[in-house]
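Colleague: model the following, please.
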Amino acid sequence: MSEALEERGKALENQYFREKEQELIEKLKAKLEEEETKDLHLECPKCDGKLLETEYENIAIDVCDKCSGVWLDAGELAQAIDKNEDSGWLSRFFS
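Modeller: Numbers count the residues shown, from 1 in each chain. Sure thing, here's the model as predicted:
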């Protein structure tokens, strides 16, 4: 009879830890989802406004919501120059 009680105790213990692990997993998933949906806007280097990503001729650029400054990430200027090659003022400016 004590053997059956020991087995029952172990089963309850395993169930308890399984439930605690499941609760922890749920909390971690919720925390990850919260971090993914956080506000990812960058601050404007000039006026501390928020930079909003805007698309200009299929190139993603950042525009400040306060001062309307335009900021380019690495490679975006090269993409703009390549698009305007031989036809636009931007390519003539850097030539």
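Colleague: every contact and neighbour count from this point should use C-alpha atoms.
Modeller: Fine.
Colleague: gap between the residue minimising distance to the centre of the chain and Ala30?
Modeller: Against the mean C-alpha coordinate of the chain, by C-alpha atoms, centre = their mean, the closest residue is Glu36 at 5.5 Å. Look at Glu36 and Ala30: by C-alpha to C-alpha, to the nearest Å, they are 10 Å apart.
Colleague: per-domain residue ranges of the protein.
Modeller: Annotated domains of the chain cover 1-38, 42-93 [automatic domain parsing].
Colleague: would you list those in CSV and tack on mean pLDDT?
Modeller: Shown next, in CSV, are the domains of the chain (pLDDT from 0 to 100):
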stretch, mean pLDDT
domain 1-38, 89
domain 42-93, 80
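Colleague: deepest-packed of the ones you listed, please.
Modeller: Comparing these by mean neighbour count (mean count of other C-alpha atoms under 10 Å), domain 42-93 ranks first with a mean of 15.
Colleague: ok, longest helix in the protein?
Modeller: Identified as the longest helix of the chain according to DSSP state H is helix 2-36.
Colleague: who are the packing partners of that one?
Modeller: With contacts defined as 3 or more C-alpha pairs under 8 Å, 6 or more residues apart in numbering; DSSP states H and E, helix 2-36 has no helix or strand neighbours.
Colleague: what's near enough to touch Gly75?
Modeller: By C-alpha atoms under 8 Å, 6 or more residues apart in numbering, no residues touch Gly75.
Colleague: pretty sure Cys67 contacts Cys47?
Modeller: Yes. Cys67 lies in contact with Cys47 (C-alpha atoms under 8 Å); the separation is 6.9 Å.
Colleague: contacts for the following helix or strand past the longest helix of the chain next, please.
Modeller: Counting by DSSP states H and E, the next helix or strand C-terminal to helix 2-36 is strand 42-43. For strand 42-43, the external contacting residues (C-alpha under 8 Å, 6+ apart) are Gly49, Lys50, Leu51, Leu52.
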